[in-house]
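Engineer: Only the shape, not the letters, is given here:
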């Protein structure tokens, strides 16, 4: 099934069920108002939502309405955890090669992952608000999962069972703030502003078409498309080159602590060895330019730039709806000096 | 006023108001069930809680009961953000000096801060569960604040207005996992297991006794006591040597993003230049031993060790109740191989 959260002026929005073709939707208010409630009590609530989803897909809803992605908050507008991996090792290799840094052998066996802020996510069509273009504004197109409870010490296989929903993410990065911040040793903070997520989050059965599933044990074998200012810049396969699958990422996260329901775990920038497939973040394009020509020629994003991130299923239909954002300066605050 | 969250089998527990002397409590259920609700709507709900608090302190509650810190979850059992500073620069200096690392000049003007996991906090009397003693288990006694909404770009002075509640934290650290993890460049993840918080969180007016406040523009001028296995190891002043006050820490956090209601911001290990005051984490004791004698002689914590963290007001009474935890191995899970 497909779930989304509609804006209603509240912090957590209103849970809706969205039809498979993303054309219509129905409030889930008879079952649950917020997605976090569903994740807290998945086994009880998800079958009821599935019933509503089935009714919606068969065109017999009681109070269905046209689905408008612009009305969406992030599926979880705020979450108790957002941990983002860097699971496509090709991305890490490229970025390090461009700056002449060695690739530590451990990077092939031990996932890179950072803890992100999760108190203020962006809806799929919300502006990316940045105080300055000089920060080096970049998109990062990723796949992300939302988990149920996964206990401390769970194996990658056990962790796979904890995956409830899948969505897309734009993990916006402020590239020029990263070197200074990582140099301090405590990881990302200011260099990672609010993350945006796709309009809908979907259950794993949504990847099955014609009896075959594009979801294969924690890897999603579909193409992730990134379109920057109307130009398609990336069409990368999210599946085979994901060095660490989602079960491994979650298992890494829960090595020393429990992971609780509603945690979001990201794949990191989707990246392929075949450069002709393009890129899922500008930093990677710049790395390739540096490797090839000695310097980066593509600039980061400016105010007014747009980014469109989407993934089609094997049936050619959009699975999650599209992330469609514009880069914007902060609004003027009355009384601000 | 003083607020706490009682265990009731649910994920978020039940909000209670606790008397100033920590002797009695009253369910806040007529007003709000969860602390996050109050933070989401502070101006409407906090006066109602204050009325209940006043009634409780005057000994005229309707259904008061004895307050038992052992029944407490963390005031926010799960939160949308946990960002921990390292605001006592003396701590950073000691740890770096012990390992022969330079102190970058920027560390005196630009706060160190890491993003922590916030999906699974520990109550004040919950065990610290660690899979292995070999991880180098350490406590870190800190002061922490819970914020309301603070907008992107807020100044330190504006950020001070966003502080709603104050509490104590035990930011448990797994010291032997830290070098490898920080070496990867993405900050802490496995090396920071679940954090514990004091039984109660208090509003800023609680620091006023005899017309004077121990809270001074984002610094708390009180002594933080740490007792390890029954032996008092630290009695450190949390006030004057806090290089970056809480307004500065929050302003640092919201430079590129909004900070939303219910965010928790920590001070980092409280540390004083006067070594006779002891320590608020074992790593600092070991750093001093290394500086003085060439090597650390104090071991980290073992299963069965206890840690007690408390702060007394100028009236000699415990402000937040005590964090009292024991280090424990994971429970056996049936069917676990």
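Structural biologist: Alright, I've got the coordinates. Worth saying up front: this structure is predicted, and the values here are computed from it rather than measured.

Engineer: As a check, name the ranges of all helices in the stretch 51-200 of chain A.
Structural biologist: Secondary structure of the stretch 51-200 of chain A by DSSP state H, counting those that start in this stretch: the helices cover A:89-98, A:156-160, A:178-183.

Engineer: any chance of those helices in CSV, with mean pLDDT and mean neighbour count too?
Structural biologist: Heads up, the C-betas are built off the backbone N, CA and C, glycines and all. Below are the helices of the stretch 51-200 of chain A laid out as CSV (pLDDT from 0 to 100; neighbours: other CB atoms under 10 Å in any protein chain shown):
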stretch, mean pLDDT, mean neighbour count
helix A:89-98, 93, 19
helix A:156-160, 98, 18
helix A:178-183, 92, 15
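
Engineer: Which stretch among those helices approaches chain B most closely?
Structural biologist: Each of these has some distance to chain B by CB to the nearest CB; the shortest is helix A:178-183, at 5.3 Å.

Engineer: What is the burial count for the residue of the stretch 51-200 of chain A found nearest chain B?
Structural biologist: Per CB to the nearest CB, residue A:187 is where the stretch 51-200 of chain A lies closest to chain B, at 1.9 Å. Residues lying near residue A:187 (other CB atoms under 10 Å in any protein chain shown) number 24.

Engineer: Then residue A:293?
Structural biologist: Residue A:293 has 9 nearby residues by other CB under 10 Å.

Engineer: do the same with the one 10 residues further on
Structural biologist: By the criterion of other CB under 10 Å, residue A:303 has 15 neighbours.

Engineer: What parts of the stretch 151-300 of chain A come near chain B?
Structural biologist: Taking CB under 8 Å from any CB of the partner chain as the test, the list of the stretch 151-300 of chain A residues beside chain B reads A:151-153, A:174, A:177, A:182, A:184-194, A:252-253, A:255-263.

Engineer: Now list the buried members of those.
Structural biologist: Among these, those classed as buried by 16 or more other CB atoms under 10 Å in any protein chain shown are A:151-153, A:174, A:177, A:182, A:184-194, A:252-253, A:255-263.

Engineer: Those residues in strands, which ones?
Structural biologist: A:174, A:263 (DSSP state E).

Engineer: Residue A:226: which element?
Structural biologist: strand A:223-228 (DSSP states H and E).

Engineer: I meant residue A:291, not that one.
Structural biologist: Per DSSP H and E, residue A:291 falls inside helix A:282-293.

Engineer: Residues contacting the next helix or strand after that helix, please?
Structural biologist: With elements assigned by DSSP H and E, the helix or strand that comes after helix A:282-293 is strand A:306-311. For strand A:306-311, contacts defined as CB atoms under 8 Å, 6 or more residues apart in numbering or on different chains pick out A:128, A:139, A:141, A:143, A:168, A:170, A:198, A:222-230, A:238, A:301, A:318-327.

Engineer: what does the stretch 1-150 of chain A have sitting close to chain B?
Structural biologist: Residues of the stretch 1-150 of chain A lying near chain B (CB under 8 Å from any CB): A:11, A:40, A:78-81, A:83, A:86, A:104, A:106-107, A:110, A:112-120, A:129-131, A:135.

Engineer: Just the strands from the stretch 1-150 of chain A, written as ranges.
Structural biologist: Remark: strands assigned in the stretch 1-150 of chain A by DSSP state E, counting those that start in this stretch are A:2-6, A:14-18, A:24-27, A:65-66, A:72-73, A:81-85, A:113-116, A:128-129, A:137-138, A:141-147.

Engineer: Same list (these) but as CSV, adding distance to residue B:287.
Structural biologist: Listed next are the strands of the stretch 1-150 of chain A as CSV, based on distance: least, CB to CB, whole Å:
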stretch, distance to residue B:287
strand A:2-6, 47
strand A:14-18, 50
strand A:24-27, 57
strand A:65-66, 62
strand A:72-73, 46
strand A:81-85, 30
strand A:113-116, 25
strand A:128-129, 41
strand A:137-138, 38
strand A:141-147, 37
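
Engineer: hey, what's residue A:325 bridged with?
Structural biologist: Using DSSP bridges, the beta-bridge partners of residue A:325 come out as residue A:307.

Engineer: ok, it - contacts?
Structural biologist: Per CB under 8 Å, 6+ apart, neighbours of residue A:325: A:122, A:124-128, A:139, A:170, A:196, A:306-307.

Engineer: Next, work out how far apart the nearest residue to residue A:88 once chain neighbours are set aside and residue A:141 are.
Structural biologist: Excluding the flanking residues, the one nearest residue A:88 by CB to CB, 6 or more residues apart in numbering or on different chains is residue A:271, at 4.0 Å. Plainly put, residue A:271 is 10 Å away from residue A:141 if you go by CB to CB, to the nearest Å.

Engineer: what is in contact with these two at once?
Structural biologist: A:236, A:280.

Engineer: Which parts of chain A belong to which domain?
Structural biologist: Domains of chain A are assigned by automatic domain parsing as A:2-67, A:76-328.

Engineer: Tell me which of those domains is the most buried.
Structural biologist: domain A:76-328 (a mean of 20; mean count of other CB atoms under 10 Å in any protein chain shown).

Engineer: and the end-to-end length of it?
Structural biologist: 23 Å (CA to CA, to the nearest Å).

Engineer: my read: residue A:209 touches residue A:314, true?
Structural biologist: Yes: between residue A:209 and residue A:314 a contact is recorded at 4.7 Å, counting by CB atoms under 8 Å.

Engineer: Give me the pLDDT value at residue A:190.
Structural biologist: Note for residue A:190: predicted pLDDT of 98.

Engineer: Next up, phi/psi of the closest residue to residue A:239 other than its chain neighbours, please.
Structural biologist: The shortest distance from residue A:239 to any non-neighbouring residue, by CB to CB, 6+ apart, is to residue A:221 (3.4 Å). Torsion angles at residue A:221 (phi, psi; degrees, to the nearest 10) stand at phi -80, psi 60.

Engineer: Provide a list of residues in contact with residue A:221.
Structural biologist: Here residue A:221 is in contact with A:214-215, A:237-240 (CB under 8 Å, 6+ apart).

Engineer: ok, residues contacting the strand holding residue A:226?
Structural biologist: Outside strand A:223-228, the residues that reach it (CB under 8 Å, 6+ apart) are A:139, A:141, A:143, A:168, A:232-238, A:270, A:278-280, A:282, A:301, A:305-312.

Engineer: Relative to residue A:165, how far out is residue A:42?
Structural biologist: Distance of residue A:42 to residue A:165, given as CB to CB: 10 Å.

Engineer: so where's the stretch 201-337 of chain A shaky on pLDDT?
Structural biologist: For the stretch 201-337 of chain A, residues meeting the criterion pLDDT under 70 lie at A:333-337.

Engineer: Apply 90 and report the result again.
Structural biologist: Within the stretch 201-337 of chain A, the ranges that satisfy pLDDT under 90 run A:210, A:331-337.

Engineer: re earlier: mind giving me a markdown table with the helices of the stretch 51-200 of chain A and columns for distance to residue A:290?
Structural biologist: What follows is those, written out as a markdown table (distance: least, CB to CB, whole Å):
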| stretch | distance to residue A:290 |
| --- | --- |
| helix A:89-98 | 4 |
| helix A:156-160 | 34 |
| helix A:178-183 | 14 |
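
Engineer: Point out the one among these that comes closest to residue B:32.
Structural biologist: Among the helices of the stretch 51-200 of chain A, helix A:156-160 comes nearest to residue B:32, with 34.6 Å by CB to CB.

Engineer: which secondary structure elements does the closest one contact?
Structural biologist: Counting contacts by 3 or more CB pairs under 8 Å, 6 or more residues apart in numbering or on different chains; DSSP states H and E, helix A:156-160 packs against helix A:246-253.
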